[in-house]
Structure formats: structure tokens, C-alpha cells
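**Q** Generate coordinates for the sequence data below:
(one chain, ligands or ions: 1)
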Amino acid sequence: MSATLEATAPAAAQALDFDAIIIGAGMSGLYQLLRLRQLGLRVRVFEAGTGVGGTWYWNRYPGARFDSESYSYGYSFSKELLEEWSWSEHFAPQPETQRYLNFVADKFDLHRDIQFKARVASAHWQGAEGQEQGRHWAVTLEDGSRHTARHLITAIGVLSAPTLPRFEGIDTFQGQSFHTARWPHEPVDFRGKRVAVIGTGATGVQTIQEVAKTAGHLTVFQRTPNWCAPLHNRPITEEEQREIKAGYPEIFRRCQETFSCFMHTPDPRGTFEVSKEEREAFYETLYASPGFGIWVGNFRDMLTDRAANKEISDFVANKIRQRVKDPKVAEMLIPKNHGFGTRRVPLETRYYEVYNQPNVLLVDSKATPIERITPTGIKTSEAEYPFDIIIYATGFDAITGAFDRIDIRGCDGKRLKDRWAHGPETFMGMMVEGFPNMLMLMGPHTALGNIPRSIEYNVDWVTRLLRFMQEKGLTFAEARPEAVQAWTDHVKLVGAGLLSTEVDSWMTGINSNVEGKQTRIIARYSGSAPEYRAWCDAVADKGYPDLVLA
Ligand code: NAP
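**A** Model (predicted):
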């Protein structure tokens with residue numbers, strides 16, 4: 001018989017519905033479920049969607065695909081899984097990733113502990129002294145059902161709370177309209193249709209280059225251009241497949257060593273330590289290479305030194321000028337208010353060439369803002385455009401947004417949302433003082449980068465903590481205030497001096513469509529992943545002195 005979490009308090013534990021409730025069946029929720037099941041815990045996953053996959057379940061918009069190499073993105077924990085699954089392209093499209101995550105869920109028999117169409121409305125800590133089943137979380141779903149568990153694990157994603165613009169008339173549009181993260185399961189036919197895309201982030205770019213292939217006419221509403229670079233995707237040959245499978249240990253070892261868990265890592269040289277010719281040649285090589293190399297494998301000072309950043313920005317601006325025929329359109333596509341790489345770089349496939357097509361129009365929606373959505377289209381300060389389909393690629397209330405949407409209350413009954421009103425405060429991105437037994441996977445202040453690598457690390461850390469508690473018969477874990485302070489200060493320190501902290505983007509907590517998210521915050525950890533892991537490992541190795549355990 002497997003042990004339960006409550007080695008010393010079995011009766012109280014049994015009175016609870018579960019040992020742990022996990023919110024979300026994306027990459028982190030699935031892996032956490034597997035690990036906790038291996039500890040012998042009684043676990044339930046609540047998932048709002050009808051299937052597994054999280055990000056890859058919801059973001060089924062046309063053109064959605066990896067920007068990380070497929071083989072560096074999948075789970076690394078099971079040799080058998082690595083052997084059995086074959087990626088078809090270097091950067092796999094969304095349907096394949098969703099198939100992969102279903103394959104994982106089937107292989108490890110995960111579905112039986114996942115409740116679908118189960119959106120969590122609230123999670124309230126029940127810790128009153130003297131309560132027979134004190135020290136647990138009461139979780140209420142939108143359907144009103146209530147469930148209790150000793151531990152609450154949030155696996156709700158970094159970019160999972162989509163946001164629509166606050167345009168007047170948005171509900172009056174009589175054609176079809178979609179947010180990219182709420183794309184229908186049925187195919188959408190663009191042939192002969194007048195299509196609008198609002199937004200030119202990584203999602204907008206992928207959508208635009210795909211929709212432009214078939215739309216009758218496409219109008220792109222761009223408020224801020226982003227610096228994009230070529231993805232250079234292609235199918236994986238049989239020989240490459242063999243090399244990839246044989247090379248998995250090396251691939252994952254590399255991802256453990258690099259700054260942000262990608263296969264690419266900053267070049268140790270400074271931009272001006274090499275000659276202009278050498279620099280140009282290096283940029284050319286990066287621009288011609290697949291994936292994020294040009295962003296995260298560039299000169300080490302690219303994101304800290306203004307002059308260095310200007311060099312690469314000028315290089316990419318010239319590439320845009322070469323690729324876009326109309327010089328006026330090219331200038332519209334070149335960012336002027338931020339340098340290359342200070343926002344997330346969208347990777348593209350013939351994106352800039354789309355604007356050479358006669359059926360594509362680029363509208364500057366900063367110069368001529370969208371005033372309202374009409375029943376037949378979009379009205380800007382300058383003109384009215386008729387559309388059959390409007391696509392909102394307008395992004396997410398990132399990092400803290402998914403937490404804000406759940407009524408999470410800790411020891412003093414205060415909402416987490418209010419607690420974080422001026423920016424999150426966490427312990428290693430995984431715990432919050434005053435919210436005992438709540439563990440966050442990919443919470444604010446964790447290492448982002450190649451996210452599945454960070455997910456596996458976070459899940460393993462959480463699992464190790466729960467195993468420790470199980471072995472010692474502990475039922476309570478809360479981060480100490482001084483530990484939270486120390487981590488939060490550290491996060492601010494490593495973020496200081498980065499050019500990206502001076503720029504508005506989801507990474508700095510800005511969302512023009514959400515009340516109260518107009519002030520930049522330090523929302524993510526921007527030190528290196530190895531440094532992050534060393535900090536977290538040390539906490540566990542020392543027996544968790546930074547936590548109150550009982
Ligand atoms: P995003 O980067 O936040 O972009 C949202 C876009 O919508 C921006 O261009 C924004 O303009 C525009 N927008 C928002 N509200 C608007 C309004 N009211 N009026 C006009 N324009 C408006 O969101 P995203 O493109 O969905 O990407 C978010 C993140 O998801 C990415 O950075 C990336 O990390 C991840 N992602 C990953 C992949 C991948 O790995 N393959 C693919 C897609 C996305 P402003 O810039 O002016 O605000």
C-alpha cells in the first residue's frame with residue numbers, strides 16, 4: 001500500500017478530499033501529477049479546458065508553433081518517452097505538440113486524475129486553530145462544487161489569461177471574431193475573406209504569416225512593431241532523428257548549463273571586443289541560423305550596453321529594409337522605441353515578405369488609433385475598414401494575471417491579488433508568505449527561458465519538499481518573511497541594468513487592456529537558470545531553513 005502524505009495524521013488527511021489539488025493540466029500540471037502519484041499521494045487536477053495541454057491546448061491559432069527546438073522543449077524525465085516520440089520538424093507546429101501531450105498523458109495514464117471543464121473560482125486557506133481538519137485548502141469550482149486538499153499547486157501558466165482590447169462596440173461585430181488564445185476547434189476558412197489582425201507580438205506574427213497565405217485581403221493593425229528574426233524551420237530527416245535520439249543526454253545537459261535553458265547561450269565576447277567586420281559576420285551567421293541564437297546567443301553585452309544594442313538593432317533594421325519592398329512600410333515595421341531583444345523576439349517565416357503582397361495592408365494604429373469596432377468592421381481615427389473576420393492577437397495579462405483571476409486567499413483572508421497589487425513578492429517564485437502549502441509552478445519570479453526545462457526543475461523541487469514533509473509527518477509549510485524579502489530583493493537586483501526593464505511589455509507587467517497594469521514591475525527572474533537552481537537546491541539541501549514547517 002502506498003503511503004499518504006500524512007504519516008502522523010492519517011485520520012485528518014483521509015477526511016480531506018485529496019492530498020494535493022493541482023490547478024491546470026498543461027505541461028507543469030501533467031508532470032506534477034505524475035510525480036505526486038509516485039509519492040503515493042491522492043491528487044486531483046482541475047482543468048478548465050476539455051483536454052490536456054494548457055498553452056498548447058488553448059493557443060490553436062493558425063501558424064502556432066515552437067520557437068524553441070522541438071527536442072529541447074519536450075519532457076526530459078523519461079528515456080522511454082524520448083525514445084518513443086519523434087518530432088517531425090525542428091520547430092513543431094501546435095497540433096503536433098498537443099498530440100505529444102496527449103501521448104504523454106496516455107502513456108502515464110494521467111487522464112483518470114484530471115477533471116476537465118473544471119475552472120477553479122476560488123481557493124481559500126483553512127487554517128483556523130482547533131479545526132479538526134485545519135491546515136488545508138478549500139477549492140471551489142465555477143460549478144459551485146467544493147473540494148479540500150492539504151496542498152494547493154498552481155500550474156496555471158505564465159501566459160494563460162488572454163486579454164481583449166477595451167474597444168467600444170467589440171460585441172456588436174457581426175462577422176467572426178476570435179482571440180488567438182481562444183481559437184475554435186473547428187477550422188476557420190480565410191479564402192476570399194477580408195481579415196483583420198490586431199497585434200504584432202509573437203502570436204500576431206505567426207498568425208499574420210499564415211493567414212496571409214489564403215485570405216482575400218488582410219489588414220494588420222500594428223501599434224508597436226517588434227524586432228523579428230527568421231526561424232529557419234524545416235522537417236527533421238531520418239538521419240537527424242537518429243542523431244537527436246542518440247544525443248538527448250547531451251541536448252539536456254546543454255540546456256542545464258545555458259543561461260536560460262535554451263540550446264543557445266550568450267557569446268562570452270563583448271560587441272566591441274571584435275572588429276566591425278567580425279561583428280557583421282557574426283550577426284549574419286546568427287540571422288541565417290535556426291531559432292533563438294540571434295536573441296539569446298548574441299554578444300554578452302547586447303542587452304546591457306546601449307551602444308552594443310544599437311549595433312544589432314541597426315543590423316536587423318537593415319534586414320527589414322532589404323526584405324520589404326516599399327520603404328515607407330519597411331520604416332513602419334522597424335521598432336523605434338526599443339532596441340533589439342529588449343522585448344521577446346518573435347521568430348518568423350517570411351513575415352516581412354507578407355507586406356510585399358498586394359492583398360496585405362499595414363495600418364499604424366498608434367498614429368491612427370482604433371476608435372471602435374462597428375457591426376461591419378473597424379473604425380480608426382482616419383478611416384472605416386470593413387471585415388468578415390477580426391483576429392485579436394492582443395496578448396495576455398501575463399505572469400500574475402492567471403492568479404488574479406482566481407480568488408486565492410491566505411491566512412489573513414486577504415486576496416493574493418491585493419497582496420501583489422504593487423508587484424509580486426515570492427520565495428523563489430514558488431511560495432508566498434501567508435499562503436501556506438501553496439506551491440506555484442512557473443509563478444512570478446521564477447526562471448523563464450525555455451519553459452519546460454524550468455517546469456521540470458520546479459516540479460522536482462516541489463516533489464522533493466512534499467516527500468520531505470511526508471517522511472517527517474509535516475502538514476504545514478510556509479515561506480518565512482525574511483526569505484521572501486531576500487529572494488524578492490535578489491530578483492530586483494539581477495533585473496537592474498537590463499535594457500529590457502526600461503521597456504513596456506508583458507515581461508515588465510504592462511498590459512494596456514487591464515486596469516492597474518500600466519506601471520512596470522519586476523515580474524520575472526532575469527538571472528541565469530543555473531544560478532536560480534543553485535539557490536533553490538541550497539534551500540532543500542539545508543533542510544528548508546527558510547520555511548516554517550510544522
Ligand atoms: P504580446 O506580445 O503581448 O503582443 C500583443 C500585441 O497586441 C502587441 O502588438 C500589442 O501592441 C497589441 N495590442 C494589445 N492591445 C492592443 C490594443 N488595445 N490596441 C492595439 N494593439 C494592441 O502577446 P502575444 O503576441 O500573444 O505573445 C505573448 C508571449 O507569448 C510572447 O512574447 C511569447 O513569450 C509567447 N508566445 C510564444 C510563442 C512560441 O513560443 N512559439 C508563440 C506565441 C507567443 P503593443 O506592443 O503596443 O502593446
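**Q** ok and the residue in the stretch 451-550 of the chain nearest the ligand?
**A** Residue nearest to the ligand within the stretch 451-550 of the chain: residue 506 (4.6 Å; Cβ to the nearest ligand atom). From N, CA and C alone the C-beta is placed, and that goes for glycine too.
**Q** what about the residue nearest to that residue when sequence neighbours are not counted, is that helix, strand or coil?
**A** What sits nearest to residue 506 in space, not counting adjacent residues and going by Cβ to Cβ, 6 or more residues apart in numbering, is residue 398, at 3.7 Å. Following DSSP: H, G, I helix; E, B strand; the rest coil, we place residue 398 in the coil state.
**Q** distance of residue 398 from residue 280?
**A** From residue 398 over to residue 280 the distance is 35 Å, taken as Cβ to Cβ, to the nearest Å.
**Q** pLDDT below threshold where in this protein?
**A** Where the chain drops to pLDDT under 70, the residues are 1-14, 128-133.
**Q** Close to the ligand: what parts of it are there?
**A** Counting by Cβ under 6 Å from any ligand atom, the residues of the chain lying close to the ligand are 65-67, 159, 165, 198-204, 206, 223-224, 344, 365, 370, 393-396, 506, 512-513.
**Q** just the buried members of the residues you listed?
**A** 65-67, 159, 165, 198-204, 206, 223-224, 344, 365, 370, 393-396, 506, 513 (16 or more other Cβ atoms under 10 Å).
**Q** Show only the entries of those found in strands.
**A** 198, 370 (DSSP state E).
**Q** Pull the top strand by length along the chain out as CSV, backbone CA atoms only.
**A** Using DSSP E to define each element, the chain has its longest strand at strand 146-154. Taking C-alpha atoms only, strand 146-154 is exported to CSV below (Å, rounded to 0.1, in the frame of the first residue of the first chain):
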residue,chain,number,x,y,z
ARG,A,146,-16.1,22.3,-3.2
HIS,A,147,-13.0,20.2,-2.7
THR,A,148,-10.4,20.1,0.0
ALA,A,149,-6.7,19.2,0.0
ARG,A,150,-3.7,19.7,2.1
HIS,A,151,-1.7,21.3,-0.7
LEU,A,152,-2.6,23.6,-3.5
ILE,A,153,-0.3,23.6,-6.5
THR,A,154,-0.9,26.2,-9.2
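**Q** how distant is that strand from the center of its chain?
**A** Computed by Cα atoms, centre = their mean, to the nearest Å, the chain-centroid distance of strand 146-154 equals 23 Å.
**Q** and the helix or strand following it, what does it pack onto?
**A** Later in the chain than strand 146-154, the nearest helix or strand by DSSP states H and E is strand 176-179. Taking 3 or more Cβ pairs under 8 Å, 6 or more residues apart in numbering; DSSP states H and E as contact, the helices and strands that strand 176-179 lies on are strand 389-392.
**Q** and stretch 255-265, how far apart are its ends?
**A** 9 Å (Cα to Cα, to the nearest Å).
**Q** one step back: so who does the residue of the stretch 451-550 of the chain closest to the ligand touch?
**A** 159, 344, 395, 396, 398, 399 (Cβ atoms under 8 Å, 6 or more residues apart in numbering).
**Q** can you rerun that using 10 Å?
**A** Counting by Cβ atoms under 10 Å, 6 or more residues apart in numbering, residue 506 touches 158-159, 163, 201, 343-344, 395-399, 401, 517, 523-524.
**Q** cool, residue 92 as well?
**A** By Cβ under 10 Å, 6+ apart, the contact set of residue 92 is 56, 65-66, 68-71, 73-74, 98-100, 233, 236.
**Q** and the gap between it and residue 362?
**A** 29 Å.
**Q** re earlier: which residue of residue 398 and residue 280 possesses the greater neighbour count?
**A** When residue 398 and residue 280 are compared for neighbours, residue 398 comes out ahead with 25 against 13, by other Cβ atoms under 10 Å.
**Q** For that one, give me the backbone phi and psi.
**A** phi -80, psi 160 (degrees, to the nearest 10).
**Q** How about residue 359?
**A** Dihedral angles (degrees, to the nearest 10) for residue 359: phi -100, psi 20.
**Q** Now for it, how many residues are close by?
**A** When counting by other Cβ under 10 Å, one arrives at 13 neighbours for residue 359.
**Q** distance of it from residue 191?
**A** Residue 359 is 12 Å from residue 191, by Cβ to Cβ.
**Q** what do the two both touch?
**A** Taking Cβ under 10 Å, 6+ apart as the contact rule, residue 359 and residue 191 both touch 215, 216.
**Q** Find the closest residue to the ligand in the stretch 1-150 of the chain.
**A** residue 67 (3.8 Å).
**Q** my bad, the stretch 51-200 of the chain
**A** residue 199 (2.7 Å).
**Q** I figured that residue hits residue 205, correct?
**A** Yes. Using Cβ atoms under 10 Å, residue 199 is in contact with residue 205, at 9.2 Å.
**Q** And the helices in the stretch 201-350 of the chain?
**A** 202-211, 238-257, 276-287, 293-296, 306-323, 327-333 (DSSP state H, counting those that start in this stretch).
**Q** related to what we said a few turns ago, now, of the contacts of residue 92, which are buried?
**A** Buried among the contacts of residue 92 by 16+ other Cβ under 10 Å: 56, 65-66, 68-71, 73-74, 98, 100, 233, 236.
**Q** Among those residues, which ones are in helices?
**A** Among the buried ones among the contacts of residue 92, the residues falling in helices (DSSP state H) are 56, 70, 71, 73, 98, 100.
**Q** Now the longest strand of the chain: buried residues?
**A** 147, 149, 150, 151, 152, 153, 154.
**Q** Which of the residues you listed sits closest to residue 322?
**A** Using Cβ to Cβ, residue 154 is the member of these that lies nearest residue 322, at 45.6 Å.
**Q** Without its sequence neighbours, what residue ends up closest to that closest one?
**A** residue 440 (4.8 Å).
**Q** I'd like to check which residues are in contact with that neighbour.
**A** Contacts of residue 440 by Cβ under 10 Å, 6+ apart are 23, 28, 152-156, 403, 416, 424, 426-432, 446, 458, 462.
**Q** do the same with residue 187
**A** 60, 62.
**Q** Determine the next helix or strand in the C-terminal direction from the longest helix along the chain.
**A** Longest helix of the chain, by residue count under DSSP H: helix 451-472. Next helix or strand after helix 451-472 toward the C-terminus (DSSP H and E): strand 477-479.
**Q** From the contact counts, what lies against the following helix or strand past that next one?
**A** Next helix or strand after strand 477-479 toward the C-terminus (DSSP H and E): helix 481-495. In this structure, helix 481-495 makes packing contacts with strand 477-479, helix 529-541, strand 547-549, judged by 3 or more Cβ pairs under 10 Å, 6 or more residues apart in numbering; DSSP states H and E.
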